[in-house]
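Trainee: pasted the sequence and its predicted model underneath.
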Amino acid sequence: MKFSVIIPVYNRPEEIAELLQSLFLQEEQPMEVIIVEDGSTQKCENLLADFSGQILIRYFFIPNIGQGFARNYGMNQANGDFFVLFDSDCIIPKQYFRVLKEAILSRELDAFGGPDAAGLDFSPIQKAMNYSMTSVLTTGGIRGKLKDVSKYQARGYNMGMSRKAFHQSKGFIDPNRGEDIELSLRLKKLGFRLELIEEAYVYHKRKNTLASFFKQSYTFGQNRINISRFHADAIKIVHLLPLFFLLYWFCLLLGIFVFPDSDLLISGIVLLGIWKISILIHSTLSNNSLIVGVLSVITSFGQLSAYGLGLLSETVKKFFKG
């Protein structure tokens with residue numbers, strides 16, 4: 001099986017060297033790495049010479065068209081029979097392509113998605129962000145652990161498809177707005193077998209600040225509604241939980257001024273406190289760090305609230321604009 005790796009890049013040259021180094025250290029290396037510079041003003045081309053001869057790298061510079069379309073461009077240039085997509089802020093564990101090949105062949109997959117994880121060298125805030133995105137106490141763990149792996153909706157930072165699946169689906173139809181989940185749903189409806197490969201994880205080294213992380217979460221909420229414009233079945237109850245969470249704590253806040261002595265209000269505040277304490281304890285034990293535990297309470301609360309607000313704002317927009 002010949003893997004072509006596709007990496008869209010936009011103004012993040014400092015991330016490429018670390019990603020390429022992790023690809024060079026693979027137990028089974030891909031046949032080529034295609035880097036698509038998506039209209040960057042800060043190019044990564046000069047860094048590629050350090051990897052000349054170690055791994056086949058093909059570099060393309062194109063006008064800015066968005067990451068989904070940049071991925072399409074890269075896959076159209078690829079020579080492999082299976083395309084693997086990474087974001088530039090990912091680090092790839094050395095066993096990745098070995099376990100990926102084994103899973104694809106044994107399960108006869110046409111496409112896949114893999115989870116993300118935090119590396120031991122990640123900063124406390126990066127580990128806290130990873131926790132809030134992957135924990136069973138926040139997202140329910142749906143980004144990386146499912147009883148039915150066929151229900152997984154792949155994310156663009158770690159996903160792939162066969163050459164046939166790409167050409168028949170024509171790839172991404174939106175440059176930036178939930179394009180990866182939309183393609184996952186469309187591939188399944190076309191009859192292709194897409195599943196979660198839990199062992200094919202990547203270290204997702206997010207460079208977000210708290211503000212940019214919450215802004216990104218808000219966008220993710222908007223994107224879920226945007227996907228429903230293409231797939232009416234894209235929204236399940238689990239996707240609405242952040243909106244319920246947002247409304248829950250907003251009602252508690254309102255209740256403090258309207259019904260300050262209400263037993264129901266007190267019970268609600270206690271329940272929210274139990275959830276926060278559970279996150280503090282769980283994240284602290286999972287990451288072996290009280291600092292990460294404290295930060296996880298902040299990132300989890302903000303991430304769910306921002307996602308819920310994104311759902312709400314885009315729903316209102318869809319209602320009035322269609």
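Mentor: Alright, I've got the coordinates. Residues are numbered from 1 along each chain as shown.

Trainee: which pLDDT does the model give the closest residue to Ile55 other than its chain neighbours?
Mentor: Among residues not flanking Ile55 along the chain, Phe24 sits closest, at 5.3 Å (CB to CB, 6 or more residues apart in numbering). Placement of C-beta: from N, CA and C, glycine included. The per-residue pLDDT reported for Phe24 equals 93.

Trainee: just checking, what packs against the longest helix anywhere in the chain?
Mentor: The longest helix of the chain (DSSP state H) is helix 290-321. Packing contacts for helix 290-321, counted by 3 or more CB pairs under 8 Å, 6 or more residues apart in numbering; DSSP states H and E, involve helix 124-134, helix 210-228, helix 237-258, helix 263-287.

Trainee: quick one: which helix or strand includes Phe83?
Mentor: Phe83 is part of strand 82-86, with elements assigned from DSSP states H and E.

Trainee: sheet partners, orientation included, of the helix or strand following that strand?
Mentor: Scanning forward in sequence from strand 82-86 by DSSP H and E, the next helix or strand is strand 90-91. Partners of strand 90-91 in the sheet, by DSSP bridges, are strand 202-204 (antiparallel).

Trainee: from the chain's centre, how far out does the partner strand sit?
Mentor: 10 Å (CA atoms, centre = their mean, to the nearest Å).

Trainee: out of the helices and strands packed on helix 290-321, which comes closest to Asp116?
Mentor: helix 124-134 (6.9 Å; CB to CB).

Trainee: got the CA coordinates for that closest one in CSV?
Mentor: The C-alpha atoms that make up helix 124-134 are tabulated as CSV, following Å, rounded to 0.1, in the frame of the first residue of the first chain:
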residue,chain,number,x,y,z
PRO,A,124,-0.1,22.6,30.4
ILE,A,125,-2.5,24.7,28.3
GLN,A,126,-2.1,22.4,25.3
LYS,A,127,-2.9,19.4,27.5
ALA,A,128,-5.9,21.2,28.9
MET,A,129,-7.2,22.0,25.5
ASN,A,130,-6.8,18.4,24.4
TYR,A,131,-8.6,17.2,27.5
SER,A,132,-11.6,19.5,26.9
MET,A,133,-11.8,18.3,23.3
THR,A,134,-11.5,14.5,24.0
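
Trainee: tell me how far it lies from the chain's centre.
Mentor: The answer for helix 124-134 is 12 Å, by CA atoms, centre = their mean.

Trainee: equivalent analysis for stretch 79-92, please.
Mentor: 14 Å.

Trainee: quick one, phi psi at Phe60?
Mentor: As for Phe60, its main-chain torsions (degrees, to the nearest 10) stand at phi -130, psi 130.

Trainee: hmm, Glu37 and it touching each other?
Mentor: Yes: Phe60 is in contact with Glu37 according to CB atoms under 8 Å; the separation is 6.7 Å.

Trainee: compare the two and say which is more crowded by neighbours.
Mentor: Neighbours were counted for Phe60 and for Glu37 using other CB atoms under 10 Å; Glu37 has more, 22 against 14.

Trainee: surely the more buried one is within a strand?
Mentor: Yes: residue state for Glu37 (DSSP: H, G, I helix; E, B strand; the rest coil) corresponds to a strand.

Trainee: tell me the contacts of it?
Mentor: Taking CB atoms under 8 Å, 6 or more residues apart in numbering, we find Glu37 in contact with 9-10, 43-45, 59-62.

Trainee: can you check those and name whichever has the most neighbours?
Mentor: In those, the most neighbours by other CB under 10 Å go to Val9, 25 neighbours.

Trainee: looks like it contacts Val33 (just checking).
Mentor: No: the pair Val9 and Val33 does not pass the contact test of CB under 8 Å, sitting 11.5 Å apart.

Trainee: doesn't Ile92 make contact with Phe86?
Mentor: Yes: counting by CB under 8 Å, Ile92 is a contact partner of Phe86 at 7.0 Å.

Trainee: overlap in contacts, those two.
Mentor: 19, 202.

Trainee: got the domain ranges for this protein?
Mentor: As given by automatic domain parsing, the domain ranges for the chain are 3-114+152-207, 237-321.

Trainee: just those domains: most buried one?
Mentor: domain 3-114+152-207 (a mean of 19; mean count of other CB atoms under 10 Å).

Trainee: that domain: end-to-end distance?
Mentor: Start to finish, the residues bounding domain 3-114+152-207 are 27 Å apart (CA to CA, to the nearest Å).

Trainee: work out which residue lies at the spatial centre of this structure.
Mentor: Centroid-nearest residue in the chain: Arg155, 4.8 Å away (criterion: CA atoms, centre = their mean).

Trainee: skipping adjacent residues, who's closest to it in space?
Mentor: Asp180 (5.2 Å).

Trainee: tell me who's in contact with that neighbour.
Mentor: 68, 153-156, 159, 172.

Trainee: point out the ones among these that are inside strands.
Mentor: Met159 (DSSP state E).

Trainee: specify which member of the contacts of Asp180 is nearest to Asn76.
Mentor: Phe172 (11.7 Å).
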